[in-house]
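Student: mind folding the following:
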Amino acid sequence: MSQTITIKVKLIPTKEQASILSEMSKTYISVINTLVSEMVDEKKSTKKSSKDISVSLPSAVKNQAIKDAKSVFKKGKKSKYKVIPILKKTVCVWNNQNYSFDSTHISMPIMMDGKAKKIPIRALFMDKDNRNMDLLKHKLGTLRITKKANKWMAQISVTIPTVQGTGLKVMGVDLGLKVPAVAVTDDEKVRFFGNGRQNKYVKRKFRSERKALGKRKKLNAIRNSKDKEQRWMKDQDHQVSRAIVNFAKDHRVSVIRLEQLANIRQTARTSRKNEKNLHSWSFYRLSQFIEYKANLEGIKVEYVNPAYTSQTCPTCFEKNKAQDRKYTCKCGFKKHRDLVGAMNIRYAPVIDGNSQSA
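Tutor: Now for the predicted structure:
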């Protein structure tokens, strides 16, 4: 078994390199859109090679553009040409035989003085636990270079072999707002993850900031604020998912169970105060982060039916509604209500396939 993930690396090109990458990215997208348009008109895949494309791109990049154009055309063909994607976001792609890297630079052929030359561009590979360099030792795929908000990023596709654990120890994880996640193993080891109060405070601060900017009609500043908030939220999900998987490893868990997310926005415990946070937080992304990080460690992730997981007593199976944060059953069972959810998720019926969109 294997899993393909994308490693993101910040690039720091010189002014000259940035100018070249910008021009190459625009040309790359233009080539793809032109080829797709031609294929749609002819109703068949192109027979062109890199020699037939007269643009200022290295041959390897032209070949990748042709490959990407054929992929876009196939999507249009499946819809019987009703939907023809037109690419707008500038990007440039190299296959795995045309780039290399060390701990400080990524080298790839770019156009300089009309010729393709392999040039090293400074890159920041280091992350908090040096996982990037370890992951990049596996099978490499394409290199994509993009630009957003004046920042250059390299996205390297990596295929990593995964070994599924053979143990039977199960852990249930309940996701929410006030408590981002709570986990419990089948031998009753418990841990709460994240800080819901802090998350709500930071999101309120971002909303207040954008409201003030809106009154001053600072549209670019509003977009930057939204991007900053999204990056912050994504970082929180990375931290929580990493902590959950580490907790599972420490307790030799072989299966993590999560709620199926199809109806989480309808079933999540909420209030008027939490409504804005509920509809802006990506439960799906957090579950995906947990899944791919768990798979890399040989831990299986399963999705279960979420019906009544927060209401059913784990001891006598009676259904009760929690009061505030406390769940109390007439049989004498008392726990934090999110913990009750995680306890029931451990043994809830497993649903075939992966989670649905949240």
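Student: so which bits of the one helix or strand Asp227 maps to are buried?
Tutor: Per DSSP states H and E, Asp227 falls inside helix 219-250. Buried residues in helix 219-250, counting neighbours by 16 or more other CB atoms under 10 Å, are found at 222, 225, 229, 233, 236-237, 240-245, 247-248. For the C-beta atoms, the positions are set from N, CA and C on the backbone; glycine is no exception.
Student: next one: stretch 57-67 to chain centre, how far?
Tutor: Offset of stretch 57-67 from its chain centre (CA atoms, centre = their mean, to the nearest Å): 27 Å.
Student: please renumber so the chain begins at 821
Tutor: Let's use 821 as the start, then, which means that last one is stretch 877-887.
Student: and that stretch, what's its mean pLDDT?
Tutor: Computed over stretch 877-887, the mean pLDDT rounds to 94.
Student: for stretch 1020-1029, same thing?
Tutor: 91.
Student: would you mind listing the buried residues in that stretch?
Tutor: Neighbour counts over stretch 1020-1029 (16+ other CB under 10 Å) mark 1020, 1023, 1026 as buried.
Student: circling back: format the buried residues of helix 1039-1070 as JSON lines; extra columns: pLDDT.
Tutor: Below are these laid out as JSON lines (pLDDT from 0 to 100):
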{"residue": "Ile1042", "pLDDT": "92"}
{"residue": "Ser1045", "pLDDT": "90"}
{"residue": "Glu1049", "pLDDT": "91"}
{"residue": "Met1053", "pLDDT": "91"}
{"residue": "Gln1056", "pLDDT": "92"}
{"residue": "Asp1057", "pLDDT": "93"}
{"residue": "Val1060", "pLDDT": "95"}
{"residue": "Ser1061", "pLDDT": "95"}
{"residue": "Arg1062", "pLDDT": "94"}
{"residue": "Ala1063", "pLDDT": "96"}
{"residue": "Ile1064", "pLDDT": "96"}
{"residue": "Val1065", "pLDDT": "95"}
{"residue": "Phe1067", "pLDDT": "95"}
{"residue": "Ala1068", "pLDDT": "94"}
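Student: before we move on, back to that, tell me the one of the buried residues of stretch 1020-1029 nearest Asn970?
Tutor: Using CB to CB, Phe1026 is the member of the buried residues of stretch 1020-1029 that sits closest to Asn970, with 20.7 Å.
Student: tell me what the helix or strand hosting the closest one is packed against?
Tutor: Assigned by DSSP H and E, Phe1026 belongs to helix 1016-1035. For helix 1016-1035, the packing partners by 3 or more CB pairs under 8 Å, 6 or more residues apart in numbering; DSSP states H and E come out as helix 1039-1070, helix 1095-1098.
Student: ok, then the element right after the shortest one?
Tutor: Per DSSP H and E, helix 1095-1098 leads on to helix 1103-1116 as the next helix or strand towards the C-terminus.
Student: out of the buried residues of helix 1039-1070, who's nearest Lys1009?
Tutor: Phe1067 (8.1 Å).
Student: just give me the neighbour total for the residue lying closest to that closest one once chain neighbours are set aside.
Tutor: Once flanking residues are discounted, Phe1067 sits nearest to Arg1011: 5.4 Å by CB to CB, 6 or more residues apart in numbering. Neighbours of Arg1011 under the rule other CB atoms under 10 Å: 17.
Student: ok, now which ones touch Arg1011?
Tutor: Going by CB atoms under 8 Å, 6 or more residues apart in numbering, Arg1011 touches 1002-1003, 1067.
Student: which secondary structure state does it sit in?
Tutor: The local conformation at Arg1011, judged by DSSP: H, G, I helix; E, B strand; the rest coil, is strand.
Student: show me where this protein has helices.
Tutor: Assigned by DSSP state H, the helices in the chain fall at 835-862, 879-898, 951-955, 1016-1035, 1039-1070, 1084-1087, 1095-1098, 1103-1116, 1157-1165.
Student: and the angle for the first one with helix 879-898?
Tutor: Counting by axes from the mean of the first three to the mean of the last three CA atoms, to 10 degrees, helix 835-862 points 40 degrees away from the direction of helix 879-898.
Student: okay, the contacts of Arg1011 in TSV with distance to Gln884 next?
Tutor: As requested, those are exported to TSV (distance: CB to CB, whole Å):
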residue	distance to Gln884
Val1002	45
Ala1003	42
Phe1067	41
